[in-house]
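J.: Predicted model and sequence below, questions to follow.
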Amino acid sequence: MPSVLVIGYDPQALPGTDAEAVRAALDKELAVLAERGVEAAVSTVVFDETAEPTLVASLTERPWDVVIVGAGIRKAEPLFPLFERIVNLIHRHAPQAAIAFNKGLDDTVEAAERWL
């Protein structure tokens, strides 16, 4: 069964963000992936000393087929160093995985399917 890991910024760490709405939208995408026979998981991070160990644990949990880096991490200029760190951690700890990018929460399935 194909597997996908979605890496996103923890919405609870973003002031003014409706974390429940973000999680509901992501859960909807994960449900579609499950319906299509894809095992999917989410790893959320914040830009502090916990980011790297959190990501390494998620990346090494299993051999992922695709790792998606969320738009929230890529599009926020202050998070650019975190984005670079994430890409390099994927390269190091999940070299077999394709790296994909979504434009937002509602195209996560599309991003995964481009590489499955």
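T.: On my side now, so go ahead. Numbering: from 1, shown residues only.

J.: Okay, buried residues for the worst-scoring helix or strand of the chain on mean pLDDT please.
T.: Every helix and strand of the chain was ranked by mean pLDDT, DSSP states H and E. The lowest is helix 71-75, at a mean of 88. Under the neighbour-count criterion of 16 or more other C-beta atoms under 10 Å, helix 71-75 has Ala71, Gly72, Ile73, Arg74 buried. For the C-beta atoms, the positions are set from N, CA and C on the backbone; glycine is no exception.

J.: Would you mark the buried spots in the helix or strand following that helix?
T.: Following helix 71-75 in sequence order, the next helix or strand is helix 80-93 (DSSP states H and E). Going by neighbour count (16+ other C-beta under 10 Å), the buried part of helix 80-93 is Leu82, Phe83, Arg85, Ile86, Val87, Leu89, Ile90, His93.

J.: Please apply the same query to stretch 10-21.
T.: Neighbour-count burial for stretch 10-21 flags Asp10, Pro11 (criterion: 16+ other C-beta under 10 Å).

J.: One more: stretch 94-101?
T.: Within stretch 94-101, the residues scored as buried using 16+ other C-beta under 10 Å are Ala94, Ala97, Ala98, Ala100, Phe101.

J.: Including secondary structure, distance to Val38 and pLDDT, could those residues go into TSV?
T.: Formatted as TSV, the buried residues of stretch 94-101 follow (DSSP: H, G, I helix; E, B strand; the rest coil; distance: C-beta to C-beta, whole Å; pLDDT from 0 to 100):
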residue	secondary structure	distance to Val38	pLDDT
Ala94	coil	16	98
Ala97	coil	13	98
Ala98	strand	13	98
Ala100	strand	12	98
Phe101	strand	17	97
